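> Prediction below, plus the sequence it came from.
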Amino acid sequence: MVAPGPSWTFWTSTFGDTARIGDLFYISNQSLRGVIARLDPETSHPGYWLFAVGCVLALWAWRVRRAVLVGDVWGGFALTGLAACLVSPVTWVHHLVWVAPALILLAGAGLREPEPRRRRRLLCWAGTAYVVLCSSVVWLWANRSGDPDGFVGGSAYVWITLGLLVFLPLRTPTPTVHRAAAPESITVLAARS
């Protein structure tokens with residue numbers, strides 16, 4: 001309402017013009033749109049991207065609903081950050097800071113896990129994901145992202161983000177223990193009435 005002309009221009013043409021900030025297929029674009037663009041840099045394939053976005057949003061809605069049902073606010077927050085990174089048309093690697101809450105929750109789940117084998121697995125996944133995300137490993141495939149190994153390695157951050165969206169353990173609520181009222185408190189309450 002403050003600037004209707006520029007707002008109209010942004011939402012009707014500039015918003016969809018991702019070429020103004022870089023090519024979609026650029027290796028640093030670690031979103032689903034970047035993955036699809038690297039498969040065929042000559043065509044943007046918006047239909048495939050919108051289908052992938054729809055799938056991710058459906059998965060996100062299901063996982064967040066489960067987080068709400070168990071009272072895991074932080075899990076819902078982390079899942080939302082992961083989904084945002086995946087569905088954004090352009091997710092530069094520095095945008096992946098939104099993956100950090102999920103890594104923290106994954107490590108926390110590992111530390112709370114009483115079963116030693118599962119604890120090691122969760123902590124190993126959290127540590128490995130952290131190390132890979134802090135590396136520049138995707139740049140090894142900067143010029144070969146269309147190859148099969150480049151498809152996997154050149155989009156490694158996307159696969160980690162997607163894996164966390166699917167498998168991030170949600171924290172289950174601690175059961176509340178209700179104690180029976182002491183007989184003297186019942187007597188005091190009865191006397192006050």
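Thanks, I have the structure now. Residues are numbered from 1 along each chain as shown.

> use CA for all of it now, contacts and neighbours both
OK.

> Kindly provide the distance from the closest residue to residue 87 other than its chain neighbours to residue 116.
On the basis of Cα to Cα, 6 or more residues apart in numbering, the spatially nearest residue to residue 87 that is not a chain neighbour turns out to be residue 53, at 5.3 Å. Separation of residue 53 from residue 116 (Cα to Cα, to the nearest Å): 37 Å.

> The two - which one has more neighbours?
Between residue 53 and residue 116, counted using other Cα atoms under 10 Å, residue 53 has the larger neighbour count: 20 against 11.

> Okay, buried residues for the helix or strand hosting the more buried one please.
Here residue 53 sits within helix 46-70, counting by DSSP states H and E. The neighbour-count criterion (16 or more other Cα atoms under 10 Å) identifies 49, 52, 53, 56, 57, 59, 60, 61, 63, 64, 67 as the buried residues of helix 46-70.

> any idea which helix or strand comes after that helix?
Next along the chain after helix 46-70, taking DSSP H and E as the criterion, comes helix 73-87.

> Residue 164 touches residue 102, doesn't it?
Yes - using Cα atoms under 8 Å, residue 164 is in contact with residue 102, at 7.0 Å.

> residue boundaries of the helices in this protein?
Listed from the start of the chain, the chain has helices (DSSP state H) covering 4-9, 32-39, 46-70, 73-87, 100-112, 116-134, 148-153, 156-167, 183-192.

> thinking in terms of the whole chain, how far from its middle is the second one?
Averaging C-alpha positions (Cα atoms, centre = their mean, to the nearest Å) puts helix 32-39 17 Å from its chain's average.

> Which strands or helices does that helix pack on?
Packing contacts for helix 32-39, counted by 3 or more Cα pairs under 8 Å, 6 or more residues apart in numbering; DSSP states H and E, involve helix 46-70, helix 73-87, helix 148-153.

> mind running it again at 7 Å?
helix 46-70 (3 or more Cα pairs under 7 Å, 6 or more residues apart in numbering; DSSP states H and E).

> Residues in contact with the helix it packs on: which ones?
Outside helix 46-70, the residues that touch it by Cα atoms under 7 Å, 6 or more residues apart in numbering are 32, 33, 36, 73, 75, 76, 79, 83, 87, 170, 172, 173.
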